[in-house]
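Visitor: need a 3D model of the sequence below.
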Amino acid sequence: MPKKKETQFELNWKTAEQLLEERKNIERIPTGTPLDELIGGGIEVGEVIEFYGEYGSGKTQISFTLATYVSGQLKQDVVFIDCEGTFRPERIREIAINRGYDPNEVLKRIYVAQPKTTDEQIAALEKIPKDIKPKLIVIDGVTTLFRSEYIGRETLAEKQGLLRKYLYNLKRYARENNAAIVVTNQVYQSPEASPFLPLELRELSSGGHSLYHAIDNRIFIRKSKNGIRIARLVDSSMYPTQERPFQITEKGVEPPREQS
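Guide: So this is what the prediction gives:
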C-alpha cells in the first residue's frame, strides 16, 4: 500500500483572548428595525442570516427595508438576487421617501439580478461586477429554484450538495468582501412534529440540514393579530432565543404602533 503523501501547511494558532479582541472590531450593519435587538445591534459583517416563514409573513418586506436602509442611510451598495420574481422598485421608492432618503439615489445603489435557474442563481454571486462593492447581499427565496428543479427523493442528494456548496460560497464571499448576507426562505410542515410544539418547530425552513449548518442566525417570522408580525430568533451561536414584534408600514419594518 503506497504511503500517504504528507501535505505541508501551517496553522495560524490564536488564543481565545486574541480572538475576543479581534471580534470587538467586527463591523455590524444596523437595520434600523426592532430586529436589531435580536442579533446584538445589527447584522454582523461576514455572517449569513436567514429569515423564514410562510407566504405573506413579511420576509420580502424585511429584505426591502434592509436594502433601502443600507442604500439610503449608510449609502452603501446592495446586491439583491430575486429568485421569486417579487422585487418591486416602487416599494423601495415608497420606503425611501417615507424614511426621508433620496429615492433616486437609493435605487441607483441597489443592483438586482433575477435568475431563472439554479445555475444562474449560483453564477450570480461570482458575476457581481468588480465596480460594485456590496455591503449587503440579499437572496430572496434562496431555495425556491432548487425546489422547482430538483423534484423527488432521487434528486435529494444532488440538491443538498449543490445547496450546501452555494451557501458556503456565500459565507466565503461575505468574509472576503466585508459584506453581510441575508437570505429568505419558505417553510414546510414537518410531518413528524407534534401539533403541540411551538409553530417554529412545526414549520421548518426549506433546505434541511444543508441550509441550517451554513446559517449564523435563523429568524422565524409569523403573523400575529392586528397586522403585527413576530420575529423569533430560533437558532444562533451567540444569542439566546427571543422574539420581537414589528409592523409593516409605508416605512417598511417598524416597531408596532400603538392601537388607538
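Visitor: mind telling me what element the spatially most central residue of the chain is part of?
Guide: Residue closest to the mean C-alpha point of the chain, counted by C-alpha atoms, centre = their mean, is residue 182 at 2.0 Å. Using DSSP states H and E, residue 182 maps to strand 180-185.
Visitor: partner strands of that strand, parallel or antiparallel?
Guide: If you go by DSSP bridges, strand 180-185 pairs up with strand 48-53 (parallel), strand 134-140 (parallel).
Visitor: give the contact list for residue 117.
Guide: Listed by C-beta atoms under 8 Å, 6 or more residues apart in numbering, the contact set of residue 117 reads 145, 149. Quick note: C-beta positions are derived from backbone N, CA and C, even for glycine.
Visitor: mind checking pLDDT for it?
Guide: You'll see residue 117 listed with a pLDDT of 94.
Visitor: now it: how far from residue 145?
Guide: 6 Å (C-beta to C-beta, to the nearest Å).
Visitor: lowest average pLDDT across the strands paired with strand 180-185?
Guide: Comparing mean pLDDT across those, the weakest is strand 48-53, with a mean of 91.
Visitor: so what's the residue nearest to the centre of the chain closest to, chain neighbours aside?
Guide: residue 138 (4.9 Å; C-beta to C-beta, 6 or more residues apart in numbering).
Visitor: for that neighbour, give me its contacts.
Guide: Counting by C-beta under 8 Å, 6+ apart, the residues that residue 138 touches are 63, 66, 67, 78, 79, 80, 81, 181, 182, 183, 184.
Visitor: for the stretch 151-260 of the chain, give me the ranges with low pLDDT.
Guide: Residues of the stretch 151-260 of the chain that meet the criterion pLDDT under 70 lie in 156, 187-213, 259-260.
Visitor: can you show me the helices along it?
Guide: 156-177, 199-202, 208-212 (DSSP state H, counting those that start in this stretch).
Visitor: which other helices and strands contact the longest one?
Guide: Identification of packing neighbours for helix 156-177 by 3 or more C-beta pairs under 8 Å, 6 or more residues apart in numbering; DSSP states H and E yields strand 48-53, helix 118-126, strand 134-140, helix 144-149, strand 180-185, helix 208-212.
Visitor: including distance to residue 32, could those go into JSON lines?
Guide: Output for those, formatted as JSON lines (distance: least, C-beta to C-beta, whole Å):
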{"stretch": "strand 48-53", "distance to residue 32": "15"}
{"stretch": "helix 118-126", "distance to residue 32": "26"}
{"stretch": "strand 134-140", "distance to residue 32": "12"}
{"stretch": "helix 144-149", "distance to residue 32": "27"}
{"stretch": "strand 180-185", "distance to residue 32": "14"}
{"stretch": "helix 208-212", "distance to residue 32": "27"}
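Visitor: which one of the ones you listed lies closest to residue 40?
Guide: Nearest to residue 40 among the helices and strands packed on helix 156-177 is strand 48-53; the distance by C-beta to C-beta comes to 11.4 Å.
Visitor: tell me which residues in the strand holding residue 182 are buried?
Guide: Buried residues in strand 180-185, counted by 16 or more other C-beta atoms under 10 Å: 180, 181, 182, 183, 184, 185.
Visitor: let me see the contact set for the fifth one.
Guide: Which is residue 184. 50, 51, 52, 59, 60, 62, 63, 138, 139, 140, 141, 142.
Visitor: so the fourth one touches residue 50, yeah?
Guide: This points to residue 59. No. In this structure, residue 59 is not within contact of residue 50 by C-beta atoms under 8 Å, at 9.5 Å.
Visitor: what is in contact with those two at once?
Guide: If you check residue 59 and residue 50 against C-beta under 8 Å, 6+ apart, the residues they both contact are 184, 185.
Visitor: residue 106: which of the buried residues of strand 180-185 is nearest?
Guide: Checking the buried residues of strand 180-185 against residue 106 with C-beta to C-beta, the nearest one is residue 182 at 16.9 Å.
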